[in-house]
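Undergrad: coordinates only, no sequence provided:
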């Protein structure tokens, strides 16, 4: 039996998907001071809305934030949380941390807060008895879809996790029953880095794929097969994105 | 200032990304009884490995499962969990539930278990003081990357959440400190449904995008703007994938 052919991707389409995956960046700087057109924002949101969700529950909601007052409140919360985070580091690591730009709350065109309502009855609970955490995971998949769509639109996106969820919820009037999953800065950028900024800046390195692989059971490593898969996988990413 | 143009996607590349998003399905049936070539598996794994991760911590690990004995043990666990899940439904809903195929553990070419080690020191804790849950979210983003890459390769993937994590961990020898994030069935399929199977089968419907949107603060709905964004977003997805 042949696999599906009627809906095959052509070479350019397949490259487009892989380009989005390999060229997506967590962007916090070089946002262009131009607005994000509604049609581009709509495509990013609709991509998010077509993420997988457990039982088709679609637990995600999106708060589209442009109000400068809301954003300056969020920015103040970030600064407070970031001061506490910086205190966890010492010496060279602390000096490096303090040079990292970890948000673009005010200068990006739009902020997006992505939430999850884990109590929503859509989906009739399917798949959530054993792994209820998959409700929140559905909203994470929505964020990843949005991130890839943004890259294909030449739009940068950065995920800000240095925020106190309770304080953020108060600023955004989010009920306590709703889970804040991600806070994102979104807008056109003047450039995308070829590698993650944290790799370029020497904060952390890309792990080789082979080190993430186990076979049949956790701990069964098979170094030969892992190296083979790593080499085969490398053929897809351009040299500069490995 | 102009947004980036040097790395623009051409029309086909952009369509490729959106096709992957709109045509991705949670596949549990019609797996073709043919193996998954190593180069295709490698591209799917490398796509997963290029997901975003908080602080570039890359907390994911992948167990590539082909062993029939391991799979039949997992299948038995699924059957047990699924019997308990079925007991949550009554009447027509229960009869519908019992006709749904919710896994393809034995007949898909490969199973993948995706984990997260939340204690990994890579990333030096960046971004995890306020939102430590982003470690697990990084592994979820890896799964979504894999899912989209699979679709571009004409490979089906289904996420099985009807499994007891503790029992699964014992079968796969996963240490208790490692979080099981997702268990996936992967392989060539003979066809992809135009819509999610749960929508086709009448289990649940796609929510209109406008109902997921808030503006500036949760609860601020702006129905006119939400409808405009919904209509603009619809222009991208083909009619059959809305």
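TA: Great, that's in hand. The structure displayed is predicted, hence computed values, not measured ones.

Undergrad: now the helices for chain A?
TA: Under the criterion DSSP state H, helices of chain A are mapped to A:11-23, A:38-49, A:68-86, A:91-99, A:134-152, A:165-171, A:197-200, A:223-234.

Undergrad: elements contacting the lengthiest strand in chain A?
TA: Longest strand in chain A by number of residues (criterion: DSSP state E): strand A:179-188. Using 3 or more CB pairs under 8 Å, 6 or more residues apart in numbering or on different chains; DSSP states H and E, the elements in contact with strand A:179-188 are strand A:110-116, helix A:134-152, strand A:155-159, helix A:165-171. To be clear about C-beta, it is placed using only N, CA and C from the backbone, and glycine gets the same treatment.

Undergrad: angle of that strand against helix A:134-152?
TA: Calculated by axes from the mean of the first three to the mean of the last three CA atoms, to 10 degrees, strand A:179-188 forms an angle of 0 degrees with helix A:134-152.

Undergrad: name the strands paired with strand A:179-188 and say parallel or antiparallel.
TA: Each strand paired with strand A:179-188, and its direction, by DSSP bridges: strand A:110-116 (antiparallel), strand A:155-159 (antiparallel).

Undergrad: any idea which of the ones you listed is most buried?
TA: strand A:155-159 (a mean of 28; mean count of other CB atoms under 10 Å in any protein chain shown).

Undergrad: okay, which residue is most central for chain A?
TA: Centroid-nearest residue in chain A: residue A:144, 4.9 Å away (criterion: CA atoms, centre = their mean).

Undergrad: is that one in contact with residue A:47, as I believe?
TA: No: using CB atoms under 8 Å, residue A:144 is not in contact with residue A:47, being 9.7 Å away.

Undergrad: give me the nearest residue to residue A:175, chain neighbours excluded.
TA: Distances taken as CB to CB, 6 or more residues apart in numbering or on different chains put residue B:218 closest to residue A:175, at 7.0 Å, once the chain neighbours are dropped.

Undergrad: quick check, pLDDT for the one you found.
TA: Listed pLDDT for residue B:218 reads 98.

Undergrad: isn't it right next to residue A:171, touching?
TA: No: here residue B:218 lies out of contact with residue A:171, judged by CB under 8 Å, at a distance of 10.1 Å.

Undergrad: got the contact list for residue A:28?
TA: For residue A:28, the contact set (CB atoms under 8 Å, 6 or more residues apart in numbering or on different chains) comprises A:101, A:102, A:103, A:104, A:158, A:185, A:197.

Undergrad: swap in 7 Å and give it another go.
TA: Residues near residue A:28 by CB atoms under 7 Å, 6 or more residues apart in numbering or on different chains: A:101, A:102, A:103, A:104, A:158.

Undergrad: residue A:69 too?
TA: Residue A:69 neighbours (CB under 7 Å, 6+ apart): none.

Undergrad: residue ranges with poor pLDDT in chain A?
TA: Applying pLDDT under 70 to chain A flags the ranges A:1-6, A:237-242.

Undergrad: how about 90 then?
TA: Within chain A, the ranges that satisfy pLDDT under 90 run A:1-7, A:128, A:234-242.

Undergrad: show me it divided up by domain.
TA: Chain A breaks down by automatic domain parsing into domains covering A:24-205, A:207-242.

Undergrad: can you put those in a markdown table and add distance to residue B:212?
TA: Formatted as a markdown table, the domains of chain A follow (distance: least, CB to CB, whole Å):
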| stretch | distance to residue B:212 |
| --- | --- |
| domain A:24-205 | 5 |
| domain A:207-242 | 32 |
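
Undergrad: looking at the ones you listed, which is closest to residue B:88?
TA: Nearest of the domains of chain A to residue B:88, taken as CB to CB: domain A:24-205 at 6.3 Å.

Undergrad: centre of the chain to the closest one, how far?
TA: Taking CA atoms, centre = their mean, to the nearest Å, one finds domain A:24-205 lying 6 Å from the centre of the chain it belongs to.

Undergrad: start and end of it, how far apart?
TA: Distance between the two ends of domain A:24-205: 17 Å, counting by CA to CA, to the nearest Å.

Undergrad: what touches both of residue A:144 and residue A:47?
TA: Counting by CB under 7 Å, 6+ apart, nothing touches both residue A:144 and residue A:47.

Undergrad: returning to what we had before: contact partners of the longest strand of chain A?
TA: Strand A:179-188 is contacted from outside by A:31-32, A:34, A:36, A:103-105, A:108-116, A:118, A:136, A:139-140, A:143, A:150, A:154-160, A:163, A:165, A:168-169, A:174, B:3, using CB under 7 Å, 6+ apart.

Undergrad: setting the sequence-adjacent residues aside, check what's closest to residue A:122.
TA: Using CB to CB, 6+ apart, the closest residue to residue A:122 is residue A:57 (4.7 Å).

Undergrad: and the closest residue to residue A:35 other than its chain neighbours, how many neighbours does it have?
TA: Closest residue to residue A:35 apart from its sequence neighbours, by CB to CB, 6+ apart: residue A:109 at 5.5 Å. Number of residues near residue A:109 (other CB atoms under 10 Å in any protein chain shown) recorded here: 22.

Undergrad: please apply the same query to residue A:122.
TA: Residue A:122, neighbours per other CB under 10 Å, totals 16.

Undergrad: for it, give me its contacts.
TA: A:57, A:58, B:204, B:207.

Undergrad: apply 8 Å and report the result again.
TA: Taking CB under 8 Å, 6+ apart, one finds A:55, A:56, A:57, A:58, A:59, B:204, B:207 in contact with residue A:122.

Undergrad: the first one reaches residue A:121, doesn't it?
TA: No: with contact defined as CB under 8 Å, residue A:55 does not count as touching residue A:121 (10.1 Å).

Undergrad: so those two - more neighbours on which side?
TA: Neighbours per residue, other CB under 10 Å: of residue A:55 and residue A:121, the larger number sits with residue A:55, 23 against 9.
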